[in-house]
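> Model the following, please.
(one chain, ligands or ions: 1)
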Amino acid sequence: MCDFLDSHGLEPLEHDEWVLDTPFVRGFIGDVRAAVARSVSAAEACRVVEPSFSELLTRPDWLPAQFQRDAPESGMGGGIGQWLLFRAADRSLCLFSLVVPPGSMTPVHDHLAWGLVGLYRGTQDEEIYTKRHGRLELLERRALGPGDFYVLIPPSNDIHRVRTTSDETSVSIHLLTNDTGCVWRHAYDLATAGSISFASARSSRATTTRCFPLATTCTAYARPLR
Ligand SMILES: [Fe+2]
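Okay, the predicted model is just below:
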């Protein structure tokens, strides 16, 4: 493992988990791993991965509808669904779709990992915050359409929220260097700048949840019924 990848204290899985096991997804993750192996920093790895990630966002046929549907049963609020596509056995890499129905908005939250996030379907408004003098300050507001993506390297731009602005559900693709659904992250209260810890997979009531105690195992994300 290179020194800019981190298991975040989670114990390894027995094997890589390919929830969407297709040659295209395997090829993409292979590209990512090759990029990480030959890079000396997270920023360089992201630059190398960008063309493959851009193809992921613009190719129309690789993501089945079951990974693009909202999830009213998820418990994440607003029907928001988080669908795992892949995660690495060493917990240092994952790929998932985040589905936000029209009008719904995520809480202000962080990710605690570097990677790439981009829009596959629909449109979103994104607000990026920073914590300063005990308050959350809005740094930037930007509109995202299909194919748009950004590089995320915490602590810069790691606190944000997104709202779907299209009449259709928005679907974003996250390539992040942790096992995002199993990591304790933060959701922030804009009024007080206070935060609570959460692990997003634990919100997925539609699945078996064995996330805890942390650092032992986590098998939960929303998964399509087969
Ligand atoms: Fe996010």
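> Buried ones in stretch 22-39, by neighbour count?
Buried residues in stretch 22-39, counted by 16 or more other C-beta atoms under 10 Å: 25, 28-29, 31-32, 35-36, 39. Any C-beta I mention is one placed from the backbone N, CA and C, and that applies to glycine too.
> Assign Ala35 to helix, strand or coil.
helix (DSSP: H, G, I helix; E, B strand; the rest coil).
> My read is that it contacts Val48, right?
Yes - Ala35 is within contact range of Val48, at 3.8 Å (criterion: C-beta atoms under 8 Å).
> Secondary structure class of the residue lying closest to His160 once chain neighbours are set aside, three-state.
Distances taken as C-beta to C-beta, 6 or more residues apart in numbering put Ile128 closest to His160, at 4.7 Å, once the chain neighbours are dropped. Classification of Ile128 using three-state DSSP returns strand.
> Give me the contacts around whichever strand or helix holds Ile29.
Following DSSP states H and E, one finds Ile29 within helix 23-37. Here helix 23-37 makes contact (C-beta atoms under 8 Å, 6 or more residues apart in numbering) with 2, 4-5, 18, 45, 48-49, 52-53, 56, 59, 62, 85-86, 93, 95, 175.
> for the helix or strand following that helix, which positions count as buried?
Next along the chain after helix 23-37, taking DSSP H and E as the criterion, comes helix 42-58. Neighbour counts over helix 42-58 (16+ other C-beta under 10 Å) mark 42, 45-46, 48-49, 52-53, 56-57 as buried.
> What of stretch 132-144?
136, 144.
> Name the residues that touch that stretch?
Against stretch 132-144 from outside (C-beta under 8 Å, 6+ apart): 108, 118-119, 123-131, 157, 159, 162, 165, 172, 188, 190, 193.
> Please repeat the previous calculation with a cut-off of 10 Å.
With C-beta atoms under 10 Å, 6 or more residues apart in numbering as the contact definition, stretch 132-144 has outside contacts at 108, 117-119, 122-131, 148, 150, 156-157, 159-160, 162, 165, 170, 172, 188-195.
> Just the CA coordinates for it, please, in CSV.
Output in CSV follows, covering the C-alpha atoms of stretch 132-144 (Å, rounded to 0.1, in the frame of the first residue of the first chain):
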residue,chain,number,x,y,z
ARG,A,132,-13.6,28.9,10.5
HIS,A,133,-13.8,30.6,13.9
GLY,A,134,-16.4,28.0,15.1
ARG,A,135,-18.7,28.6,12.1
LEU,A,136,-19.4,27.0,8.8
GLU,A,137,-18.7,29.5,6.0
LEU,A,138,-19.9,29.0,2.5
LEU,A,139,-16.9,28.9,0.2
GLU,A,140,-18.4,28.2,-3.1
ARG,A,141,-21.7,27.3,-4.8
ARG,A,142,-21.5,25.5,-8.1
ALA,A,143,-23.9,23.8,-10.5
LEU,A,144,-23.1,20.4,-11.8
